[in-house]
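> sequence-free structure coming up:
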């Protein structure tokens, strides 16, 4: 996210968290923290090598959407009016219930079934890529892509999402959607 926000020019920063002082991602972590997208696991720790749950990702996605729409971006999720979705495993009192409902209602994240979200399950890398592509309004390109990773078969559900996210490309935004330059 920090790379997307800074066009790959993440500024140097002083670490707020004791466990990120020497971490390779310190500057990116500090950037997304100061942007209000991520918080630490405590006031002094971030857990940079930890896993992220589906509820945590839903919260980050909701914060991203709020930030983008407040800045006047024309992404579809800024103009969409969609009722939230309720899941039987997300109680109204769950700390991320509002965010889960919002991002699922917008189609940014889906449940693992029609009525189950599994908020405490860890997000897979493929799921994270799909969410980030949605937030960055990337459209999976389904033609003309060379297989970049040998361990992802072309019939894998996130094949195109992963390929698009991993290929450096030029693009323009048209009505809030990324369009590849030829």
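Received the coordinates, thanks. These figures come from a predicted structure and were not determined experimentally. Numbering: from 1, shown residues only.
> residue ranges for the strands of this structure, please.
If DSSP state E is used as the criterion, the strands of the chain fall at 171-174, 177-180.
> Which pLDDT value belongs to the nearest residue to residue 46 once chain neighbours are set aside?
Spatially, and ignoring its direct neighbours in sequence, residue 46 is nearest to residue 17 (4.1 Å; CB to CB, 6 or more residues apart in numbering). The way it works is simple: take the backbone N, C-alpha and C, and place the C-beta from them, glycine included. You'll see residue 17 listed with a pLDDT of 94.
> which one of the strands of the chain lies closest to residue 83?
Closest of these to residue 83 is strand 177-180, at 23.0 Å (criterion: CB to CB).
> who touches that closest one?
75-76, 136-139, 141, 169-173 (CB atoms under 8 Å, 6 or more residues apart in numbering).
> Contact partners for the closest residue to residue 62 other than its chain neighbours?
Leaving aside its chain neighbours, residue 62 sits nearest to residue 99 (3.8 Å; criterion: CB to CB, 6+ apart). Shown in contact with residue 99 (CB under 8 Å, 6+ apart): 55, 58-59, 61-63.
> ok, of those residues, which one's closest to residue 11?
residue 63 (19.9 Å).
> That closest one touches residue 37, doesn't it?
Yes. Counting by CB atoms under 8 Å, residue 63 touches residue 37, with 5.0 Å between them.
> to the chain's geometric centre, what's the distance from the helix ranked longest in the chain?
With secondary structure taken from DSSP state H, the chain has its longest helix at helix 54-70. The chain centroid and the centroid of helix 54-70 are separated by 8 Å, computed with CA atoms, centre = their mean, to the nearest Å.
> Which positions in that helix come out as buried?
Across helix 54-70, burial judged by 16 or more other CB atoms under 10 Å covers 54-65, 68.
> From residue 119, how far off is the residue nearest the centre of the chain?
Note on the chain: the residue nearest the mean C-alpha position is residue 132, at 3.5 Å, using CA atoms, centre = their mean. Here residue 132 is placed at a distance of 19 Å from residue 119 (CB to CB, to the nearest Å).
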